[in-house]
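Asks: Sequence first, predicted coordinates after that:
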Amino acid sequence: MKTLANERILPQELTNRNCHASHCLPLGDGSVYAVWFEGTKEGNDDVCIWGSRRTPEGIWSAKKQLTEDDGIPHWNPVLLKIPDGTIFLFYKQGKPISRWYTMYLTSSDNCRSWSRPKELVPGDVGGRGPARNKAIILSNGWLLAPASSEDFLWSMFADISKDSGRTWAASERQNIFHQGETPATWYDRLLDRSPLRKKRGVIQPTFWESAPGHVHALMRSSEGRIYRAESIDYGQIWSRPEKTELPNNNSGIDAVRLPNGHVYLVYNPVDKNWGKRYPISLALSKDDGLSWTKVTDLEDGCGNSELSYPCIQYEDGYLYITYTRNRTNISFRILRP
């Protein structure tokens with residue numbers, strides 16, 4: 001694994017402001033576009049979506065505010081380019097998280113200009129469209145967005161568009177249940193509001209397709225491990241999530257499948273719920289997620305470091321990675337496997 005770029009997107013560390021939850025998209029012309037949310041603090045009413053372009057020569061443009069400050073916090077931007085060249089920028093809006101609604105912008109000129117925002121599924125709240133990770137284009141042409149909801153019981157699902165993003169339909173939700181517990185008894189325990197019973201389950205899946213219709217998901221969880229699930233009908237029905245060998249600190253993950261079948265995952269290898277968010281590491285699977293080998297630590301971190309919420313993309317032989325660096329900058333890497 002060779003590192004070709006190791007950069008920070010912002011020229012100076014932020015002070016009195018935070019940035020988080022970045023996403024990136026190689027644009028096919030040697031440039032890369034990156035987005036993130038930024039404001040005085042995550043969840044504050046001044047948080048908006050920002051972006052920057054990296055030229056083929058490796059120069060990042062001055063950051064640009066992409067969404068208006070409308071007194072409602074914006075969250076978790078996600079970029080997707082579809083075959084006709086349209087680029088979607090999805091993001092969440094609102095609070096609390098359980099009442100999020102999903103907005104989107106589009107660009108027809110490789111992220112140089114953007115449309116006015118529209119609601120993805122008008123009137124629907126709770127996490128439609130991409131929760132945090134990239135949507136994928138399936139072999140049948142459908143768009144598959146990795147979605148989740150955070151209302152008492154955390155759960156994952158897929159949002160499916162069969163018409164290039166004009167309309168969306170949600171799959172059934174899936175969650176995890178402990179051995180010997182029924183969904184009803186576990187839900188009852190959640191309602192007692194004790195700290196150990198809050199925010200349990202799986203969210204923020206990342207998807208890849210290994211064969212026509214066969215889609216794999218990895219999920220962040222509250223249980224100290226990454227969970228996995230599969231669908232054999234293009235994401236419409238999912239298996240119940242199962243625990244993997246991979247540690248998870250209840251923080252974001254992301255994966256991408258290469259043309260040779262190798263799957264790369266960026267994650268924090270920490271097996272404690274709400275544990276530290278470092279190091280941030282890269283792992284490899286050659287069997288579509290059944291087993292994993294840690295490749296490298298992208299960055300070690302220490303003390304109060306936060307290296308989190310990665311995005312990983314692949315284009316023309318290169319891996320492109322962004323992640324939060326201490327909430328004061330966004331780190332960017334280009335790797336050649």
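Replies: Everything's here; your move.
Asks: Residue ranges in the stretch 101-250 of the chain under the pLDDT threshold?
Replies: 177-198 (pLDDT under 70).
Asks: Tell me where it has strands.
Replies: Under the criterion DSSP state E, counting those that start in this stretch, strands of the stretch 101-250 of the chain are mapped to 101-107, 118-119, 136-137, 143-151, 153-161, 169-170, 200-211, 214-221, 225-231, 242-247.
Asks: Distance to Tyr33 and mean neighbour count added to those strands, as TSV?
Replies: All C-beta spots, glycine's among them, are computed from the backbone N, C-alpha and C. Below are these laid out as TSV (distance: least, C-beta to C-beta, whole Å; neighbours: other C-beta atoms under 10 Å):
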stretch	distance to Tyr33	mean neighbour count
strand 101-107	9	20
strand 118-119	20	12
strand 136-137	18	18
strand 143-151	19	24
strand 153-161	21	23
strand 169-170	28	16
strand 200-211	20	23
strand 214-221	25	26
strand 225-231	28	21
strand 242-247	29	15
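Asks: just so I know, which of those strands lies nearest Asp287?
Replies: strand 200-211 (9.6 Å; C-beta to C-beta).
Asks: who does the closest one pair up with?
Replies: strand 153-161 (parallel), strand 214-221 (antiparallel) (DSSP bridges).
Asks: ok and that strand relative to strand 225-231, angle-wise?
Replies: For strand 200-211 against strand 225-231, the angle by axes from the mean of the first three to the mean of the last three C-alpha atoms, to 10 degrees is 50 degrees.
Asks: excluding its backbone neighbours, what's nearest the residue nearest the centre of the chain?
Replies: Centrality entry for the chain: nearest residue to the mean C-alpha point is Asn133, 2.3 Å, by C-alpha atoms, centre = their mean. Closest residue in space to Asn133, ignoring its immediate chain neighbours: Thr206 at 4.4 Å, by C-beta to C-beta, 6 or more residues apart in numbering.
Asks: That neighbour bridge partners, please.
Replies: Taking DSSP bridges as the rule, Thr206 bridges to Leu218.
Asks: tell me the contacts of Leu14?
Replies: Counting by C-beta atoms under 8 Å, 6 or more residues apart in numbering, Leu14 touches Glu38, Arg327, Thr328, Asn329.
Asks: ok, those vs Arg8, which is closest?
Replies: Looking across those and measuring by C-beta to C-beta, the closest to Arg8 is Asn329, at 4.6 Å.
Asks: Tell me, how many residues neighbour that closest one?
Replies: Counted with other C-beta atoms under 10 Å, residues neighbouring Asn329 total 19.
Asks: same check, this time on Pro241
Replies: If you count neighbours by other C-beta under 10 Å, Pro241 ends up with 25.
Asks: Am I right that it is in contact with Ile226?
Replies: No - Pro241 is not in contact with Ile226 according to C-beta atoms under 8 Å; the separation is 9.6 Å.
Asks: where do the contact lists of these two overlap?
Replies: With C-beta under 8 Å, 6+ apart as the test, Pro241 and Ile226 both reach Met219.
Asks: returning to what we had before: adding distance to Asp45, write the strands paired with strand 200-211 out as a markdown table.
Replies: Shown next, in a markdown table, are the strands paired with strand 200-211 (distance: least, C-beta to C-beta, whole Å):
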| stretch | distance to Asp45 |
| --- | --- |
| strand 153-161 | 25 |
| strand 214-221 | 26 |
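Asks: wait, which of those is closest to Ala5?
Replies: Ranking the strands paired with strand 200-211 by proximity to Ala5 (C-beta to C-beta) places strand 214-221 first, at 25.5 Å.
Asks: all helices for the stretch 51-200 of the chain, in order.
Replies: 183-190 (DSSP state H, counting those that start in this stretch).
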